[in-house]
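Student: Here you go, sequence then predicted model.
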Amino acid sequence: MSEIRIAIVGVGNCASSLVQGIHYYRNRTPEDAIGLMHWSIGGYTPGDIRVVAAFDIDRRKVGKDVSEAIFAEPNCTAIFCPEIPASGVVVQMGRMLDGYSDHMAAYDAPFTFVPAQETEPSKAEVIRVLQDSGAEVLMNYLPVGSEAATRFYAECALEAGVAFVNNIPVFIASDSVWAQRFAEKKLPLIGDDIKAQLGATITHRALTDLFAKRGVKLERTYQLNTGGNTDFLNMLNRSRLASKKKSKTEAVQSVAAQRLDDVNIHVGPSDYVPWQKDNKVCFIRMEGKLFGDVPMNIELRLSVEDSPNSAGVAIDSIRCAKLALERGQGGVLYAPSSYFCKHPPRQFTDDEAFRMTEAFIAGDAIVDAVASAAGKTAAS
């Protein structure tokens, strides 16, 4: 098989876990490849992915080889593959726009943002980097709230002829105008807002779906998350948090038997605890009524390393985008988006999304058309 050439925007913790994972699994076999949802997709394994371009705006990363930049401050995720060979790919200066929040400069090192001094590239220059590198898929790992910056890079992907995987809660795939533009260019689009492999929202969704299937009336619920990485620090600026809260809340609401009033559901990041670093702690409480209107409640605490928890999902997104490129399929990939993302254009239960994604991987030409048209009531 040929390799899959990717470009990365935002060389933070998630990018670090992705790059580490590519190399970690390169020397594994299917039998000892723990932690993957799929060893092979369309014949591609994780080790077939190659980073060919990267952009960032932090002085500690710009100008460094990707193999060094992924370990530079303020990155603080788990290092599970410390020996990363030099890639020969230097992190390029990106566009600032709204890709950072001013309040982050007030924090002590290593968490403060250190803007690079290099001249920001024009759109034409970013497009040229993507084209000259031979990138096929652009991974968006910008901070939450980077509305203008995300649209800028989505535009660059369109003009460079590159598929776009939107891992953050800025609405591109779930915006009909952007979706149509990618469809017209026959470029795959996956989004929005990546689900973790086994994180707070996917667990909350599974429990909410269980309530519905077992006839338990869900009356109120919350999900409170704390963490110490730059993602949580960035989200202390509540003005950047609106799309994230909407994305996470809708992911839970969409699988409830009956939508909850806004006052009875709270899902979202809650606070920044520096010593937690990339560890994310989630507290879920759900209250409802059983047979005979008898009340019940459940409380759950989940602790995970935040960035590795998304990397396996990202690896599957990349490979699905590559399959779509090979098949000449453009626009939103509805089945993979519904399985891999919190805020896809069409919400399905996770069981439905799983079955549709397996069918997509197997080459079912109908499944994505069904997913795009059918909404939550799609058939398997």
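Tutor: Nice, thanks for sending it over.
Student: Name the nearest residue to Asp58, sequence neighbours excluded.
Tutor: Closest residue in space to Asp58, ignoring its immediate chain neighbours: Val114 at 5.6 Å, by Cβ to Cβ, 6 or more residues apart in numbering. C-beta coordinates here come from the backbone N, C-alpha and C atoms, glycine included.
Student: can you give me the helices for the stretch 1-150 of the chain?
Tutor: Assigned by DSSP state H, counting those that start in this stretch, the stretch 1-150 of the chain shows helices spanning 13-26, 66-69, 123-133, 147-160.
Student: Can you give me the buried ones in the first one?
Tutor: Residues of helix 13-26 classed as buried under the neighbour-count rule (16 or more other Cβ atoms under 10 Å) are 13-25.
Student: tell me the contacts of the residue nearest to Asp58?
Tutor: Listed by Cβ atoms under 8 Å, 6 or more residues apart in numbering, the contact set of Val114 reads 58-60.
Student: quick check, nearest of those residues to Asn167?
Tutor: Asp58 (18.0 Å; Cβ to Cβ).
Student: How about the residue in the protein that sits furthest from its center?
Tutor: Gly292 (41.2 Å; Cα atoms, centre = their mean).
Student: That residue falls within a helix, correct?
Tutor: Yes - Gly292 sits within a helix when classified using DSSP: H, G, I helix; E, B strand; the rest coil.
Student: What ranges in the chain fall below the confidence cut-off?
Tutor: Scanning the chain for pLDDT under 70 picks out 1, 109, 111, 365, 368-380.
Student: Spell out the residue ranges of the strands in it.
Tutor: Taking DSSP state E, the strands of the chain run over residues 4-9, 49-56, 92-93, 137-140, 163-166, 188-190, 217-227, 265-272, 279-289, 295-305, 331-332.
Student: Output the contacting helices and strands for the second one.
Tutor: Read that as strand 49-56. Packing partners of strand 49-56 (3 or more Cβ pairs under 8 Å, 6 or more residues apart in numbering; DSSP states H and E): strand 4-9, helix 13-26, helix 66-69, strand 92-93, helix 123-133, helix 308-327.
Student: which of the ones you listed sits most buried?
Tutor: When the helices and strands packed on strand 49-56 are scored by mean count of other Cβ atoms under 10 Å, the highest mean neighbour count falls to strand 4-9 (a mean of 26).
Student: that older thread, for Thr150, see how far away the residue nearest to Asp58 is.
Tutor: Noted for Val114: a distance of 22 Å to Thr150, by Cβ to Cβ, to the nearest Å.
Student: is the nearest residue to Phe182 once chain neighbours are set aside in a bridge, and if so with what?
Tutor: Leaving out its chain neighbours, the residue that sits closest to Phe182 by Cβ to Cβ, 6+ apart is Leu189, at 4.2 Å. According to DSSP bridges, the residues that bridge with Leu189 are Phe164, Val332.
Student: who's in contact with Leu189?
Tutor: By Cβ under 8 Å, 6+ apart, the residues touching Leu189 are 163-164, 166, 172-173, 178-179, 182, 330-333, 337.
Student: How about Lys186?
Tutor: By Cβ under 8 Å, 6+ apart, the contact list for Lys186 reads 328-331.
Student: Tell me how many other residues crowd Asp102.
Tutor: For Asp102, the count of nearby residues is 8 (other Cβ atoms under 10 Å).
Student: same deal with the one 4 residues further on?
Tutor: Applying other Cβ under 10 Å, we find 9 residues neighbouring Ala106.
Student: I figured it was touching Leu236, is that so?
Tutor: No - using Cβ atoms under 8 Å, Ala106 is not in contact with Leu236, being 10.4 Å away.
Student: now Val52: how far from Val62?
Tutor: Counting by Cβ to Cβ, the gap from Val52 to Val62 is 17 Å.
Student: quick one: Leu233 and Met104 touch, right?
Tutor: Yes - with contact defined as Cβ under 8 Å, Leu233 reaches Met104; the gap is 6.0 Å.
Student: okay, now the spatially closest residue to Glu147 that is not a sequence neighbour: neighbour count?
Tutor: Counting by Cβ to Cβ, 6+ apart, Glu147 lies nearest to Val170, which is 5.3 Å off, once chain neighbours are set aside. For Val170, the neighbour count with other Cβ under 10 Å is 27.
Student: about what we covered before: what's the most distant pair in the contacts of Leu189?
Tutor: Asn166 and Gly330 (15.1 Å).
Student: of these two, who's got more company?
Tutor: Taking neighbours as other Cβ under 10 Å, Asn166 and Gly330 compare with Asn166 leading, 30 against 18.
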